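J.: Fold the stuff below for me.
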Amino acid sequence: MSTEANDTEGCSSTSELTALQRERIQINRQRALKLKELRNKTKPYTSTKWNDFGGPDKTAFFDKDKNVVRISGSKLVDSGGGFFIQEKDDEPEVEVRIVRNFHMTKFTLLLYQMKIAEQPQPIVDDSELPKCLECKEDFHDSFLLNTFDYSVCDKCKKQDEDHALITKTDAKNTYLLKDCDLDKREPPLKFLLRKNPHDSRWGDMKLYLQLQVEDRALQVWGSLEEIEQERERRDEKREKSKAKKYGKHMKSLRMQVRSSLYDRTKANHEHEFGPETDLGDDNYSHTCTTCGYEETFERM
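T.: Model prediction:
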């Protein structure tokens, strides 16, 4: 009776699943099958012995020949008499190669799992489908939506015109923005990482959607006219600084070439005072006959 009751409860619970739940179950099942298929495809050596932890056994690797065992670079051949004969191994790097390929496989699988985890859940309800800003039609998925959260379908995407990408450096120079305006101000702008085409040793480039960068610049500066005025002010300030630096440098060169004109020791003036004048209360003054400098002093 208990078994029949459990079966009845199981059937009733299955029938009560909604369409969304059944869709999620199907999606999870497909993901599990893909991961299993990928795991089976990425094993480079089928003859590798696996330990209890899901990794290759580093102590022994069996050759295709069942009578040959490789241990730490040594080749042991079963003689058939109850003992092994050690022979020179022609492939001393087989263990290192297998272990390295195993770690590369695990890393690739981890990236694949992360990519699946980052993908948004598919939209089942048609009423929740995003609407394209260009053609005003509903769509399920697009490059701009997944990468930049910009609701435009792939049919309306124009790479060289309205939906062009811009690097972070160009965005900062063109729209006079700072790092905090792009990455810290809410909501932070999404970007796409790409290898630097000029030198692969440099850091990855951050590519932003130019429309979103322009909207962020309008939030910061208010209008495109303000951006142009600020750029003119900065250019003018930069030109003044360059002119001042150039003038200072030219003056230094003139002083080096014609140092006699700028000899400070010859420019010192020695006063020649005239007669003293009594000001009272033991105070006196006298005036330089050359430059007119008047000095007041007290005589004890």
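J.: pLDDT at Val96, what is it?
T.: With respect to pLDDT, Val96 scores 40.
J.: Could you give the bridge partners of the closest residue to Phe273 other than its chain neighbours?
T.: For Phe273, ignoring the flanking residues on the chain, the nearest one in space by CB to CB, 6 or more residues apart in numbering is His286 at 4.2 Å. For the C-beta atoms, the positions are set from N, CA and C on the backbone; glycine is no exception. His286 has these beta-bridge partners by DSSP bridges: Glu295.
J.: tell me the contacts of His286?
T.: By CB atoms under 8 Å, 6 or more residues apart in numbering, the contact list for His286 reads 273-277, 294-295.
J.: can you list those in a markdown table and add distance to Leu193?
T.: Compiled in a markdown table, the contacts of His286 are given as follows (distance: CB to CB, whole Å):
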| residue | distance to Leu193 |
| --- | --- |
| Phe273 | 80 |
| Gly274 | 84 |
| Pro275 | 87 |
| Glu276 | 85 |
| Thr277 | 85 |
| Glu294 | 76 |
| Glu295 | 75 |
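J.: Filter these down to the ones in strands?
T.: 277, 294-295 (DSSP state E).
J.: hmm, back to that, any idea which of the contacts of His286 is the one closest to Cys132?
T.: Of all those, Cys132 sits closest to Glu294, with 87.4 Å by CB to CB.
J.: Look up the closest residue to the closest one, ignoring the ones flanking it.
T.: Per CB to CB, 6+ apart, closest to Glu294 is Thr287, 4.7 Å.
J.: Just to check, the one you found is in contact with Glu272?
T.: No - contact between Thr287 and Glu272 fails when scored by CB atoms under 8 Å: they sit 9.9 Å apart.
J.: circling back: could you report the distance from the residue nearest to Glu294 to Leu253?
T.: Remark: distance between Thr287 and Leu253 (CB to CB, to the nearest Å) = 41 Å.
J.: Compare neighbour counts for those two and give me the winner.
T.: Legend: neighbour count by other CB atoms under 10 Å for Thr287 and Leu253, higher for Thr287 (17 against 10).
J.: Show the contacting residues for the more buried one.
T.: 273-274, 293-295.
J.: So which of these is surrounded by the most neighbours?
T.: The member of the contacts of Thr287 surrounded by the most neighbours (other CB under 10 Å) is Phe273, with 14 neighbours in all.
J.: and that residue, what are its bridge partners?
T.: With DSSP bridges as the rule, Phe273 is bridged to Cys288.
J.: who are the neighbours in contact with it?
T.: Contacts of Phe273 by CB under 8 Å, 6+ apart are 286-289, 295.
J.: Equivalent analysis for Glu228, please.
T.: Going by CB under 8 Å, 6+ apart, the list of residues near Glu228 is empty.
J.: so which helix or strand takes in it?
T.: Here Glu228 sits within helix 224-257, counting by DSSP states H and E.
J.: same check, this time on Leu207
T.: strand 205-209.
J.: any idea which helix or strand comes after that strand?
T.: The C-terminal neighbour of strand 205-209 among helices and strands, as given by DSSP H and E, is helix 210-221.
J.: And for that following helix, what's in contact with it?
T.: Taking CB under 8 Å, 6+ apart as the rule, helix 210-221 contacts 148, 150, 162-166, 171, 175-177, 181-182, 185, 189-190, 224, 227, 230.
J.: how about low-confidence regions in the stretch 1-150 of the chain?
T.: 1-16, 41-127 (pLDDT under 70).
J.: Identify the spatial nearest neighbour of Phe297, chain neighbours not counted.
T.: Nearest non-adjacent residue to Phe297 (CB to CB, 6+ apart): Tyr284, at 5.9 Å.
J.: And the one you found, which helix or strand is it part of?
T.: Per DSSP H and E: strand 283-287 holds Tyr284.
J.: Mind checking the pLDDT average for that strand?
T.: Strand 283-287 comes out with an average pLDDT of 88.
J.: Likewise for stretch 248-266?
T.: Rounded mean pLDDT across stretch 248-266 is 73.
J.: Widest-spaced pair of the contacts of Phe273?
T.: Using CB to CB, the contacts of Phe273 reach their maximum pairwise distance at Thr289 and Glu295, which is 12.4 Å.
J.: State the distance from Arg216 to Glu236.
T.: If you go by CB to CB, the gap between Arg216 and Glu236 works out to 25 Å.
J.: Can you pick out the residue with more neighbours from the two?
T.: Using other CB under 10 Å, the more surrounded residue of Arg216 and Glu236 is Arg216, with 20 against 10.
J.: ok, and the closest non-adjacent residue to Tyr208?
T.: Nearest non-adjacent residue to Tyr208, counting by CB to CB, 6+ apart: Phe191, 5.2 Å away.
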